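>>> based on what follows, work out the 3D shape:
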Amino acid sequence: MADLITEFKDIAKQLGATLHFSEDKIDIGGGARSPHCVFLLNLNYKGRTIKIKNATGTYFYGYVQSIILDRQSSKEFKLTTKSHFSNLFSRKKDRFKIQTSSNDIKTFIQTSESVLELRQITQKDVFEPTIIGINSNGKYELIIEYSLQFNDWPEVIIPIVNFYKAFIDKYGD
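So this is what the prediction gives:
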């Protein structure tokens, strides 16, 4: 665990983010307790807060969220990842599937260097993110969710943050 904390401290320093770490034990019944660790990074970029949460314990998940616009946008999209198993039977070997009515968003995602990095990680490991651009409560929000059930889950943080930064640069006006 100490190595993981050190790795997150290094990532936080590299990104100029604040790191909050918590660790406790959750009662799972029958006298058994499960460790629960949460790594929370908060990063400000051009007036937007990017929140990155990685939690381990009884479940392993990553969640990244930022409000990109203080108003609704027509650029809703959803990018899903085909599993390694379903990709074996697919003619298309690209594991990402983009659903959007916006050609601009589709082109942005297809040409994004950070998405290319994430694609490469999906090819070598069981990293299967879902990326959603959605209108919520009158604001436009970008959310990424993923399981931490792969080998080097801290390695996705920097490409994810770079994706958020590029998205904010292009659409965060």
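>>> which residues of this structure fall in strands?
18-29, 32-45, 48-56, 61-69, 77-81, 96-100, 130-136, 139-147 (DSSP state E).
>>> helices or strands next to the third one in the packing?
Meaning strand 48-56. Secondary-structure packing of strand 48-56 (3 or more C-beta pairs under 8 Å, 6 or more residues apart in numbering; DSSP states H and E): strand 32-45, strand 61-69, helix 157-171. Glycine gets a C-beta too; all of them are placed from N, C-alpha and C.
>>> tell me the mean pLDDT for the longest one?
Here helix 157-171 scores 96 as its mean pLDDT.
>>> which residues are in contact with it?
11, 14-15, 41, 43, 45-46, 48, 50, 52, 54, 64, 66, 68-69, 73, 75, 108, 112-115, 117-118, 121, 129, 131, 133, 140, 142, 144 (C-beta atoms under 8 Å, 6 or more residues apart in numbering).
>>> of those residues, just the buried ones, ChimeraX syntax please.
Remark: buried members of the contacts of helix 157-171, expressed as a ChimeraX selection using 16 or more other C-beta atoms under 10 Å:
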select :11,15,41,43,45,48,50,52,54,64,66,68,69,73,75,108,112,114,115,117,118,121,129,131,133,140,142,144
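>>> looking at the chain, which helix or strand is least sure?
One helix or strand of the chain scores below all others by mean pLDDT, DSSP states H and E: helix 84-88, with a mean of 46.
>>> give me the most central residue, this protein.
Ile144 (3.9 Å; C-alpha atoms, centre = their mean).
>>> per-residue pLDDT of that residue, please?
Value listed for Ile144 in the pLDDT field: 97.
>>> repeat that for Leu19.
pLDDT, Leu19: 97.
>>> which residues does the residue nearest to the centre of the chain bridge with?
Val64, Ile131 (DSSP bridges).
>>> and it, how far is that from Ala2?
For Ile144, the distance to Ala2 (C-beta to C-beta, to the nearest Å) stands at 27 Å.
>>> burial measure for Lys51, as a count.
14 (other C-beta atoms under 10 Å).
>>> so it bridges to which residues?
Asn42, Gln65.
>>> tell me the contacts of it?
40-42, 63-66.
>>> can you check Phe21 too?
Phe21 neighbours (C-beta under 8 Å, 6+ apart): 5, 8, 37-40.
>>> same question, Gly133
68, 73, 75-78, 100, 105, 140-142, 167.
>>> which of the residues you listed has the weakest pLDDT?
Lowest confidence among the contacts of Gly133: Ser73, with 87.
>>> before we move on, the earlier item: rebuild the strands of the chain as CSV, extending it with distance to Val161.
Listed next are those as CSV, based on distance: least, C-beta to C-beta, whole Å:
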stretch, distance to Val161
strand 18-29, 13
strand 32-45, 6
strand 48-56, 6
strand 61-69, 8
strand 77-81, 16
strand 96-100, 18
strand 130-136, 13
strand 139-147, 10
